[in-house]
Structure formats: structure tokens, C-alpha cells
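**Q** Next input, structure requested:
(chains A, B, C and D)
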There are 2 protein chains.
Amino acid sequence: MESLRVTVDIVIFTLRDGILQVLLVKRGVPPFEGQFAIPGGFIRQDESLEDAALRELYEETGVRNVFLEQLYTFGDPKRDPRGRVVTVAYYALIASDKLSLVAGAEAAEAQWSLANEPPPLAFDHKSILEFALERLRNKLEYTTVGFQLVPEKFTLGELQAVYEAILGRQLDKRNFRRKIALLGILKPLREWRHTGRKPAQLFRFASARFEKLKDKGILFPF
Amino acid sequence: MESLRVTVDIVIFTLRDGILQVLLVKRGVPPFEGQFAIPGGFIRQDESLEDAALRELYEETGVRNVFLEQLYTFGDPKRDPRGRVVTVAYYALIASDKLSLVAGAEAAEAQWSLANEPPPLAFDHKSILEFALERLRNKLEYTTVGFQLVPEKFTLGELQAVYEAILGRQLDKRNFRRKIALLGILKPLREWRHTGRKPAQLFRFASARFEKLKDKGILFPF
DNA sequence: CCAAAAGTGTTAGGAGTACACCCATGG
DNA sequence: CCATGGGTGTACTCCTAACACTTTTGG
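**A** Take a look at the predicted model:
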């Protein structure tokens, strides 16, 4: 029976300062020494693909319980010059307020980069990142994935900034708010964020309704 | 380094008599002996995942140049009782007029079944089939995959039947025709299909415009 | 002449988009 | 007092969905 080496790679996104960022690690050994790569690792004999991805994600970022979805499996025989490696790619979304722990054990060489203008990447990781960005942009329009990138308490302006950062264009404030309101999943809080201007009301997601919409599409064209 | 056995499985759909059908093979050996399974096989060291899927598809059906798209990778450690096998699932769409050659070398034990009411399936193949059906239904609504299931020359009624069979509901004839017409990819022929009632005009796709619309999924040249 | 599928337009309602002004605050 | 982002409503357009009758043929 043929056996192949199989890895999981995880494209980890977050949004900071209104910019979509991706976690990359610097390679310390050839090939592509010194270049950046998408974090990943081999799958163990006894763990599922998703467990492997979760483990890798935890090792790199110290977070659990975030959005994680299988992206695509890349298996060109020449994608790794050392020999054949098939990789099952995942992507994850982490809200900025869960990110304090970025100094995990393996995180020494990890750093956040601009998702839309990444540095040169090892292997076929440029393709993988582009694939992830494409999926993210598409899913943004017909699912609620975008909500994963916002802190637990957030303003409508912050939520809109998520959409604008990923879609790469500006959205109309009034239309955006009307559509979000129509979903009926926001719970207004009696708290306001004071940022030096007019205070903005904070919201959180009403989890019961949120679960219903999760991943299934109440539609979202912007 | 950990190595895993990796297969490709292909969910092969066609539409016959207005019913969506899926190609299944009867297992001749344990486990699940005598039960049906989705066709598949191991990936060779030197072939890409897609090449493996194409090879498998050709061995089972004798067809090439049909729609083929990666579906999802299934890797639960317990999905195969004999030991760990990861499978990269693909799905393919074959128009009925390409299907004359179903008697391929390995096709002895292959047969078409109702996609929506399949017999009991081996391994986790029920999940894989359901995943494929879900993908197909979703893509039907925002891509041109449905066009892959219709013969080279077809009537508007036949095209509509494809959509109705996959979506599992009836569509309004006038609205359907208007939408298709808006795409501007149909080339009316000076031929009519005579089926015992009022003859229906035949169409084919205008390939130039069709290419423009083709989904990012891999659409092989006609 | 009858059964069965082909073919053809109009209308009403909902969703999407474009658009401008006042407000509250911190500095 | 002013710069900055917060917050709000309306009007037009376009897409979608609902809906019924005539035509053509083979039997």
C-alpha cells in the first residue's frame, strides 16, 4: 500500500488596527530557509485532521474555541522539493481580544503579516494563502464568518471595519447597519466605548439566534 | 516522519430519466463485503490528487474531460476499521450522452443508484455522498455546474429538469427561461426534438461566453 | 379530438443602493 | 470651537416570484 506524508497547514487570520493579518513563521532550515511559511505540521496516527489543525493552532497561538474550517487539500507531487507531502489546509479566524497569548511555545519565530501583501512564502504557500483569502471573501457575503473576527463586545463601526478590511472596499454605513439589524442577532449593551469622540454603543451577539445562522446563509450581499 | 495511507474517492453523478444518480461499486471483500461504496483508490507516489481522481474516474466510467472538483478530505482515524486511511473526496458530473462506455474494465460491479435514496454504504461513504449532494445543490445556484449534466444538444425542458432534480423542487418555467436567456450563453439550433408531443427546440452552449462564466472549479475543455 | 409538453409577458413586492445631515465628545 | 467618528431615513431601481393561456403534435 502506498503511504504518503500528510501535514495540516493553518492559515490563521486576525484583524488588528482595521487590517487583515495572517500568522507566518520564519523557516530555520532548508529548503526556503529564512523565508516565511504558513504554520503546519504532520498529522499523528491517532488524531483526526481537525484535531491536528486544532493542536497546531493551539501550539502557535495559545487559543482554542475559534472558528476553524477545512480549506482544501494540496497534493502536487512537486510542491515540496524534499519529497512528496500532501497537505490539508485549514483556515482559522481569531478575534483580536483572544490574541493576548501569542507568545506560545513555538511562537518564537511567528509573526503577523499583512494578509493582502505577504512576504515571499515557501513552498506553494502563496497559493494556499490566496485560496484562503478567496474563501474568506466569498463566505463573508453569505455567512456569518465575519462575526468571528470581532471582540466579544464591539461597536457597529468595528464590525463594519471587518467587512471593509476583508472585502477591500468601503461600505455604506446606513445600509450596513440596516442589514445587520435585520438579522436580529445583535444585543445592544448599556455600555459605550469612549475613544475620544462621540461614544459608540457596544453590542454582543445573541447566541441563541446566532447559532441558527451560523454557517448557514441568511444572505449578506453588500 | 509519519506516513498515512491516502486515497481518492469520487462521487460520480449523472442525470438519467430526470433523476440524479450516483455511481456505486459493490464490495467483494471485507469489511462491508457485499455493501456498496463510492469508487476510489490509492494515490500513487508520482501523481497529483487531481490526476489520481481523473484516473479513477476513467477506470470506472471510461470518460475524460468532464467536470471534476475536489470536495473535502475525510480523515477520522476510525473511518476505516482496517486502519487509518485519509481520503480526498472529489465529485464529478457526467452528461448522459457521454455515458455509453460504462462497461470499463473495473466496472463489472458498478451500478447507478438514486443519489437521494442510496443503499446502505460502506465506511463513512454516506457522509461523503451527503456532502457532495449539499455542495452540488449549493453550487447549482451560483455557478454553471448544472450545465455539465445536460447533453451537448438539449431542450430547455431538459435543462430545467436538471435543476429540478438536484434542487428537489419544481421551478417556474417562464422565470427559469428568462434567467437562462439573460446569461446569453445559449445558442439556439435549427433543430427540434420530436418526442411525440409538440417539438422542442434544441440548444447548445456558446462556448466563448460559457468560458467567461465558468466557475473557478476545474472545468475541463469540451 | 384529446392529452401532454412547448412556448410566451405582465405585475407586485422586496431587496439593494445611493445619498446628507446633525450629534456628542475630547482635546 | 473644531475635528472626528456616531448615528439616523428616504427614494429609486432592479431582481424575483407569482401567475394562465395558446400552440403543436402524435395517437
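
**Q** In chain A, which residue sits closest to DNA strand D?
**A** residue A:157 (2.7 Å; CB to the nearest atom of the strand). Where C-beta positions appear, they are placed from N, C-alpha and C, glycine not excepted.

**Q** from what I can see, that residue looks like it's in a helix, true?
**A** Yes. Under DSSP: H, G, I helix; E, B strand; the rest coil, residue A:157 sits within a helix.

**Q** And for it, the neighbour number?
**A** By the measure other CB atoms under 10 Å in any protein chain shown, the count of residues near residue A:157 is 15.

**Q** Secondary structure element holding the nearest residue to residue A:83 once chain neighbours are set aside?
**A** Using CB to CB, 6 or more residues apart in numbering or on different chains and skipping residues adjacent in sequence, the residue nearest residue A:83 is residue A:5, 7.4 Å away. Here residue A:5, judged by DSSP states H and E, is contained in strand A:4-16.

**Q** That strand - which strands sit beside it in the sheet, and in what orientation?
**A** strand A:19-26 (antiparallel), strand A:40-42 (antiparallel), strand A:85-94 (parallel), strand B:3-16 (antiparallel) (DSSP bridges).

**Q** Tell me which of those strands is the most buried.
**A** Ranked by average neighbour count under the criterion mean count of other CB atoms under 10 Å in any protein chain shown, the strands paired with strand A:4-16 are headed by strand A:85-94 at a mean of 24.

**Q** need the next SSE after it, C-terminal direction.
**A** Heading C-terminal from strand A:85-94 (DSSP H and E), you reach strand A:110-114.

**Q** Next, the buried residues of that next one.
**A** Residues of strand A:110-114 classed as buried: A:110, A:112 (neighbour count, 16 or more other CB atoms under 10 Å in any protein chain shown).

**Q** Could you give the average pLDDT over it?
**A** Averaged over strand A:110-114, pLDDT sits at 94.

**Q** and that strand with strand A:19-26, angle?
**A** Orientation note: strand A:110-114 sits at an angle of 140 degrees relative to strand A:19-26 (axes from the mean of the first three to the mean of the last three CA atoms, to 10 degrees).

**Q** Give me the distance from strand A:110-114 to the chain's centre.
**A** The chain centre lies 12 Å from the centre of strand A:110-114; the measure is CA atoms, centre = their mean, to the nearest Å.

**Q** Please tell me I have it right and the residue of chain A closest to DNA strand D contacts residue A:201.
**A** No. Counting by CB atoms under 8 Å, residue A:157 sits too far from residue A:201 to count as a contact (10.0 Å).

**Q** on that earlier part again, residues in contact with the residue nearest to residue A:83?
**A** A:42, A:83-86, B:1-4 (CB atoms under 8 Å, 6 or more residues apart in numbering or on different chains).

**Q** And the furthest pair within those residues?
**A** Using CB to CB, the contacts of residue A:5 span at most 14.5 Å, a distance reached by A:83 and B:4.

**Q** Apart from its chain neighbours, what residue comes closest to residue A:84?
**A** Using CB to CB, 6+ apart, the closest residue to residue A:84 is residue A:77 (5.3 Å).

**Q** OK, contacts around that neighbour?
**A** A:84, B:45-48.

**Q** Filter these down to the buried ones and hand me the PyMOL line.
**A** Remark: buried members of the contacts of residue A:77, expressed as a PyMOL selection using 16+ other CB under 10 Å:
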select buried, (chain A and resi 84) or (chain B and resi 47+48)
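
**Q** quick check, nearest of the contacts of residue A:77 to DNA strand C?
**A** residue B:48 (38.3 Å).

**Q** per the record, what domains does chain A have?
**A** Chain A is divided into the following domains under automatic domain parsing: A:5-124, A:145-213.

**Q** residues in contact with whatever residue of chain A ends up closest to DNA strand C?
**A** Of all residues in chain A, the one sitting closest to DNA strand C is residue A:198 (3.3 Å; CB to the nearest atom of the strand). Under the criterion of CB under 8 Å, 6+ apart, residue A:198 has no neighbours.

**Q** try residue A:160
**A** Residue A:160 makes contact with A:171, A:173, A:176-177, according to CB under 8 Å, 6+ apart.

**Q** Check it and give its pLDDT.
**A** 96.

**Q** secondary structure class for residue A:118?
**A** coil.

**Q** Not counting sequence-adjacent ones, nearest residue to it?
**A** Closest to residue A:118 by CB to CB, 6+ apart is residue A:129, at 6.0 Å.

**Q** Quick check: that neighbour vs residue B:53, distance?
**A** As judged by CB to CB, to the nearest Å, residue A:129 and residue B:53 stand 24 Å apart.

**Q** Right, I'll call it a day here.
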